[in-house]
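Chemist: let me see the structure of the following:
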Amino acid sequence: MTTSTIKKVTCHVVSAPVERPFTSSRGWLYKTRGSCIVEIETSDGIVGWGECYGPSAVAKAFIDTQFGPRIIGRDAFDVEVIWEDLYNRIKDYGTTGMAISALSGIDIALWDIIGKSTNKPIHKLIGGAYRSEVTCYATGLYFIDMDRLIEEAVEEGCEFAEQGFQAIKMKIGLGDPKLDIRRVAAVREAIGDKVRLMVDANHCFTVPQAIRIGRELEKLDIEWFEEPISPEDVDGYIEVTRALDMAVAGGENAFTRWGFRDLVVRKAMDIVQPDVCAAGGISECRKIAALAMTHGVECVPHAWGSAIGVAATLHFLAALPDQPPSYRPMPPMLEFEQCENPFRDHLSREPIVQQRGKVQIPTGAGLGIEIDRKVLDKYRVG
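Modeler: Predicted coordinates:
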């Protein structure tokens, strides 16, 4: 056996209560934050960490029954060979959704192993760093107090601006477009015109609704309109994108290069948002980004998870070229969601933090973070 031989695969399902439950346009009340954390150990004792987006127990089932046993004894450096093998193993019934999310966690963990084995950060292994830091935007302004929807959004937006965030993404989709516009307008007025502002509808509008509200949002200098309509409606996305001058974003619900192919080739949206913990891991997101750039579509990854997911996204962002290259480029931003999440804040012994709207790219080996196993033990489920 080589020293990088995969010896053991373990899934840690963790969950923590949320002190102030919140919701989006989908109406799902977030009462907990959780994740499926993937741990892969090699024969020489190197441990790699990955994360799977979505329902934790489902990802764990895929890994425990389908993927994990299949990669025991394999060389961790064969990361893309393993990816293709696992994808083809479940192709008949799992080309999207949780099967790919589970595969993503494994892929990230293998890249972490390769980085630790070579004493290089992941971004050095996937082409190098175009930047040493990234601008981050705060995702928040969900719906919490239904009696203070405008006031709470203004308060939170001002708090993010005071913390140094140079960009903020807020939720819309309250069932009353006029209330949505009043809420966005109040936030825009409160944070001023120097802070970039994006909106996310979590695909709650019809095509005519999205176009109508989009035209009002354009008057408020909104940077992008995220997930205006249902992700299945590619033709509808094309209609919305063509009708609006501001950028339309989406794709966090898409998986693998094949899932992004029509979105990109048909220019259904201006910005695609693959999630490294969902769309196929670092290996596959590199291909998605290359596909997007080939067709003049921006790639700004979605991120919603623990310190592992944030770190993996940072390495992916470090290796993305400016889109397009220019004298004063507008590099892709890091989504740095700010909702209650102990796994983002405490899972890494040295937390990933923003300073005046910037986050440093990790420079340590692999993901560049050290996992605190006490946090896994404290929040473990089952």
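Chemist: and stretch 220-234, how far from the chain's centre?
Modeler: Mean-position distance between stretch 220-234 and its chain equals 16 Å (C-alpha atoms, centre = their mean, to the nearest Å).
Chemist: pull out the buried residues from that stretch.
Modeler: 220, 222, 223, 224, 225, 226, 227, 228, 229, 230, 231, 233 (16 or more other C-beta atoms under 10 Å). All C-beta spots, glycine's among them, are computed from the backbone N, C-alpha and C.
Chemist: adding pLDDT and secondary structure, write these out as TSV.
Modeler: Converted to TSV, those look like this (pLDDT from 0 to 100; DSSP: H, G, I helix; E, B strand; the rest coil):
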residue	pLDDT	secondary structure
220	98	coil
222	98	coil
223	97	coil
224	98	strand
225	98	strand
226	98	strand
227	98	coil
228	98	coil
229	98	coil
230	98	coil
231	97	coil
233	98	coil
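Chemist: tabulate these (JSON lines), appending distance to residue 81.
Modeler: Output for the buried residues of stretch 220-234, formatted as JSON lines (distance: C-beta to C-beta, whole Å):
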{"residue": "220", "distance to residue 81": "49"}
{"residue": "222", "distance to residue 81": "43"}
{"residue": "223", "distance to residue 81": "39"}
{"residue": "224", "distance to residue 81": "36"}
{"residue": "225", "distance to residue 81": "39"}
{"residue": "226", "distance to residue 81": "35"}
{"residue": "227", "distance to residue 81": "34"}
{"residue": "228", "distance to residue 81": "39"}
{"residue": "229", "distance to residue 81": "38"}
{"residue": "230", "distance to residue 81": "36"}
{"residue": "231", "distance to residue 81": "30"}
{"residue": "233", "distance to residue 81": "36"}
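Chemist: what is the nearest of those to residue 29?
Modeler: When these are compared for distance to residue 29 (C-beta to C-beta), residue 227 wins out at 18.9 Å.
Chemist: list the residues that contact residue 121.
Modeler: Listed by C-beta atoms under 8 Å, 6 or more residues apart in numbering, the contact set of residue 121 reads 115, 315, 361, 362, 363, 364, 365, 366, 367, 368.
Chemist: that should have said residue 44, apologies.
Modeler: Listed by C-beta under 8 Å, 6+ apart, the contact set of residue 44 reads 3, 4.
Chemist: of the contacts of residue 121, grab the buried ones for ChimeraX.
Modeler: Restricted to buried positions by 16+ other C-beta under 10 Å, the ChimeraX selection for the contacts of residue 121 reads:
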select :115,315,361,362,364,365,366,367,368
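Chemist: residue 193: which of the contacts of residue 121 is nearest?
Modeler: Checking these against residue 193 by C-beta to C-beta gives residue 361 as the nearest, at 28.9 Å.
Chemist: which residue packs closest to that closest one, ignoring adjacent ones?
Modeler: residue 318 (4.5 Å; C-beta to C-beta, 6 or more residues apart in numbering).
Chemist: distance check, the one you found against residue 76.
Modeler: Distance, residue 318 to residue 76, by C-beta to C-beta, to the nearest Å: 21 Å.
Chemist: and residue 138, by the same measure?
Modeler: Distance, residue 138 to residue 76, using C-beta to C-beta: 35 Å.
Chemist: and what of residue 124?
Modeler: For residue 124, the distance to residue 76 - C-beta to C-beta - is 17 Å.
Chemist: okay, the two: which has more neighbours?
Modeler: The neighbour comparison of residue 124 against residue 76 (other C-beta atoms under 10 Å) goes to residue 76, with 27 against 17.
Chemist: so the more buried one sits right up against residue 40, yeah?
Modeler: Yes: with contact defined as C-beta atoms under 8 Å, residue 76 reaches residue 40; the gap is 7.2 Å.
Chemist: any common contacting residues for those two?
Modeler: 6, 48, 110, 113.
Chemist: got the contact list for the most centrally placed residue in the chain?
Modeler: Closest residue to the average C-alpha location of the chain: residue 303 at 1.9 Å, with C-alpha atoms, centre = their mean. Residues in contact with residue 303 (C-beta under 8 Å, 6+ apart) are 275, 276, 277, 309, 310, 313, 334, 335, 336, 337.
Chemist: phi and psi next, for residue 11.
Modeler: Here is the backbone geometry of residue 11 (degrees, to the nearest 10): phi -110, psi 130.
Chemist: contact partners for it?
Modeler: With contact set as C-beta under 8 Å, 6+ apart, residue 11 has these partners: 36, 37, 38, 39, 59, 60, 63, 64, 68.
Chemist: residues near the fourth one, how many?
Modeler: Summarising burial for residue 39: neighbours were counted as other C-beta under 10 Å, giving 19.
Chemist: hang on, residue 127 in a helix?
Modeler: No: secondary structure of residue 127 (DSSP: H, G, I helix; E, B strand; the rest coil): coil, not part of a helix.
Chemist: and the pLDDT at it?
Modeler: pLDDT for residue 127: 97.
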